[in-house]
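A.B. asks: Only the shape, not the letters, is given here:
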């Protein structure tokens, strides 16, 4: 059996990928945090190690994986931005070097469609050639674009490694802790008065399936993973069991800045652009390369979200 190493394996998405992959591959994982208790029978053997430490190189040297799935990113804002940038960018740079050094044959990096940014000039559906503009209005997540650019350079510099960079849309589920999930779990979800952008969603199990299809098909390149469709933000809020509260932008931005500074709001004010302007992508390239079709419909995603979080 080929061996897969999953970074960020103790996280919800890492465990889902490990569960699916264990049927066909020898799976191991690495994470800064230990596996949650209680553990599941299909959890991978785990090395509790930081990607930035020399001990992580020992894992590559000992396991000699054929395939690496890179999920070890800080995507929240509970840590300071310097630490977040160091983990995401410096950690990824080290991992790429190890992949080339230790003969990894395939690498899958899970980036995000957020890297395109939410801007008024965005087309209805962006393809993979569209520039990564998120740092223009949301500098706190510039590391998303930097990681994506690092991995894109690696893709072309190291043709011996089948590298795929996935940019999934908003992901919801039981075990992932995304910014959009936190937003929709609120009893009252603020919107900008006069704006109702289209939003795309993907279930966490479908993202795990997309990662596994990427491995099976040995595809190479950059791919959007678009999910089953798009709905207006107001519909997403209602279907998630929350209540939309339209507010004037002139009031919402300073309020969000103040609450974030006090630790009472989960994301910086730059995230407000994502509830004002569209950030929707086309997944045709990925669908053509893998024949991937999401199993979860938008209706099912929202129904599951409501049940899981008790929002209705």
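C.D. replies: Looks like it came in fine. Given the structure is predicted, the values throughout are model-derived calculations rather than measurements.

A.B. asks: Which SSE is immediately downstream of the lowest-mean-pLDDT helix or strand in the chain?
C.D. replies: Scoring the helices and strands of the chain by mean pLDDT, DSSP states H and E places helix 81-85 at the bottom, with a mean of 86. Counting by DSSP states H and E, the next helix or strand C-terminal to helix 81-85 is helix 91-101.

A.B. asks: circling back: where's the least confident helix or strand of the chain relative to the chain centroid, distance-wise?
C.D. replies: 17 Å (Cα atoms, centre = their mean, to the nearest Å).

A.B. asks: So for it, what gets flagged as buried?
C.D. replies: Buried residues in helix 81-85, defined by neighbour count with 16 or more other Cβ atoms under 10 Å: 84-85. Heads up, the C-betas are built off the backbone N, CA and C, glycines and all.

A.B. asks: Run through this structure and note the low-pLDDT ranges.
C.D. replies: 310-312 (pLDDT under 70).

A.B. asks: Strands of that one, start to end?
C.D. replies: 3-7, 26-31, 45-48, 67-70, 106-110, 162-168, 170-172, 188-192, 198-203, 221-225, 230-232, 243-247 (DSSP state E).

A.B. asks: what about the closest residue to residue 203 other than its chain neighbours, distance to residue 31?
C.D. replies: Using Cβ to Cβ, 6 or more residues apart in numbering and skipping the chain neighbours, the partner closest in space to residue 203 is residue 296 (3.7 Å). Separation of residue 296 from residue 31 (Cβ to Cβ, to the nearest Å) stands at 26 Å.

A.B. asks: And for residue 279?
C.D. replies: Residue 279 is 29 Å from residue 31, by Cβ to Cβ.

A.B. asks: Check whether residue 202 really touches residue 166, as I assumed.
C.D. replies: No - the criterion here is Cβ atoms under 8 Å, and residue 202 misses it with residue 166 at 10.7 Å.

A.B. asks: Give the residues shared as contacts by those two.
C.D. replies: 210, 225 (Cβ atoms under 8 Å, 6 or more residues apart in numbering).

A.B. asks: between the two, which one's more packed in?
C.D. replies: Set side by side, residue 202 and residue 166 show more neighbours around residue 202, with 25 against 21, by other Cβ atoms under 10 Å.

A.B. asks: Number of residues surrounding the closest residue to that one other than its chain neighbours?
C.D. replies: In this structure, residue 202 finds its nearest non-sequential neighbour in residue 227, 3.6 Å apart by Cβ to Cβ, 6+ apart. Counted with other Cβ under 10 Å, the neighbours of residue 227 add up to 27.

A.B. asks: Thanks again, I'm all set now.
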